[in-house]
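Q: sequence first, then the predicted structure, then my questions.
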Amino acid sequence: MQKPSSLSEQDRQLVREMQENLPLVSRPFLEIAQRLGISEEEVIGRVQEFLRDGILRRFGATLRHWRVGYAANVMVVWRVPEDRLEEVGLQMAGAPEVSHCYERPARAGWPYNLYTMLHGKSRQECEAITARLARESGISEYRMLFSVRELKKSSMRYFDEEEGRSNHGLRTGQVKDLI
Amino acid sequence: MSVPRARGFVSMEIDALDRELLNLLQTEFPVASRPYMMLAERLCTSEEDIMQRLRRLSGLGVIRRIGGVFDSRALGYLGTLCAMKVPADKIEEVAAVVNGYPGVTHNYLRDHDYNMWFTVLAESEQRIRSILDEIRRATGIDDLMDLPARRVFKIKVTFDAEA
């Protein structure tokens, strides 16, 4: 994986362009190249390098969730003894219903140190999966945190020039992207 | 993940070629001079037909975006998960402050005393800290946990979510 410091200003501009919608014209990369003042070949070559180096996880369409059969999800937080974290983390990561599995620090009054996001067809199925993971791992101290409401879901805008200015987003009364 | 309201309606307007196209668009989008022409050749149709289908599928909301999905860490960004105890009557007000930051990409209400859970991405740890300080100051709520990942055991790259 390439070090972030090796991204030139031109790369940063290219990242900004790539997080927009690809123009719906016959030669979309040419249109981007013209905006950046470089050649179409350079744009295509650099995007392929980004893919190869893992800077781009992928290039293509992002769909809405209309086709997804998994309608329910839950974040489960687990209290795992320090000396079992590695073993239990890997075990839970191996479950097909688990999409994310992270170790995070415990805090005062919040003893949970392993976080899993898991998916099922219904709330009941999520509960059954959680019970199975608890049984298999022997971790009995956990909490299921179902989401009640989505307050925001958006794509990150990397190298956004607006964000560089301080206190952005703190103007009172400004509601942005409240979905 | 939610099933959209217009499911039945949308599925009626999507034919077999659309489905093939949607699969190719996600997994094998050609990064090449004439990508829509190459997709057309794969699907034995014309470039103009592909572009019309893309316009329609975007209009229907099936396609959210065609573009790059970046790895935030590879770009030098750091992220954290935060949990906050927000009184029920202050949720809208606090959400407006929190969501105002472009680096806050996800924010969910969950059924716990720690009821507001959001992610923050920024270019430095210092910037994350200053965003959290600003949120504490602007909302008057001190009970905000910063829970950065220490170890990642799994991140599934899903084809239907950008997170």
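A: Noted; the coordinates are in hand. Numbering: from 1, shown residues only, chains lettered A, B, ... in the order given.
Q: phi, psi for residue B:65 please.
A: Taking degrees, to the nearest 10, you get phi -170, psi 150 for the backbone angles of residue B:65.
Q: please point out which parts of the host helix or strand of residue B:128 sit buried.
A: Assigned by DSSP states H and E, residue B:128 belongs to helix B:125-139. The neighbour-count check on helix B:125-139 (16 or more other C-beta atoms under 10 Å in any protein chain shown) flags B:127-128, B:131-132, B:134-135, B:138-139 as buried. (C-beta placed from N, C-alpha, C; glycine too.)
Q: what of stretch B:79-98?
A: B:79-84, B:86, B:93-98.
Q: what do you get for stretch A:12-22?
A: So, applying 16+ other C-beta under 10 Å, buried residues of stretch A:12-22: A:13-19, A:22.
Q: hmm, who's touching it?
A: Stretch A:12-22 is contacted from outside by A:7, A:28, A:32, A:35-36, A:43, A:46-47, A:50, A:56, A:59, A:155-160, B:35, B:58, B:65-68, B:70, B:75, using C-beta atoms under 8 Å, 6 or more residues apart in numbering or on different chains.
Q: rewinding a little: past the helix holding residue B:128, which element shows up next along the chain?
A: Taking DSSP H and E, what comes next after helix B:125-139 is strand B:144-147.
Q: for that next one, output the C-alpha coordinates as PDB.
A: Listed in PDB are the C-alpha atoms of strand B:144-147, where the atom choice follows Å, rounded to 0.1, in the frame of the first residue of the first chain:
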ATOM      1  CA  LEU B 144     -19.000  11.400  24.500                       C
ATOM      2  CA  MET B 145     -16.900   8.300  24.100                       C
ATOM      3  CA  ASP B 146     -14.200   8.200  21.500                       C
ATOM      4  CA  LEU B 147     -13.700   4.600  20.400                       C
END
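Q: beyond it, next helix or strand please.
A: Criterion used, DSSP H and E; the element after strand B:144-147 is strand B:151-155.
Q: which neighbouring elements make contact with that next one?
A: Judged by 3 or more C-beta pairs under 8 Å, 6 or more residues apart in numbering or on different chains; DSSP states H and E, the packing partners of strand B:151-155 are helix A:85-93, strand A:98-103.
Q: hey, where'd the helices end up in chain B?
A: B:7-12, B:16-27, B:35-42, B:47-59, B:91-99, B:125-139 (DSSP state H).
Q: name the residue of chain B that lies nearest to chain A.
A: residue B:76 (2.8 Å; C-beta to the nearest C-beta).
Q: once you drop chain neighbours, what's closest to residue A:102?
A: residue B:149 (4.3 Å; C-beta to C-beta, 6 or more residues apart in numbering or on different chains).
Q: understood, closing this out.
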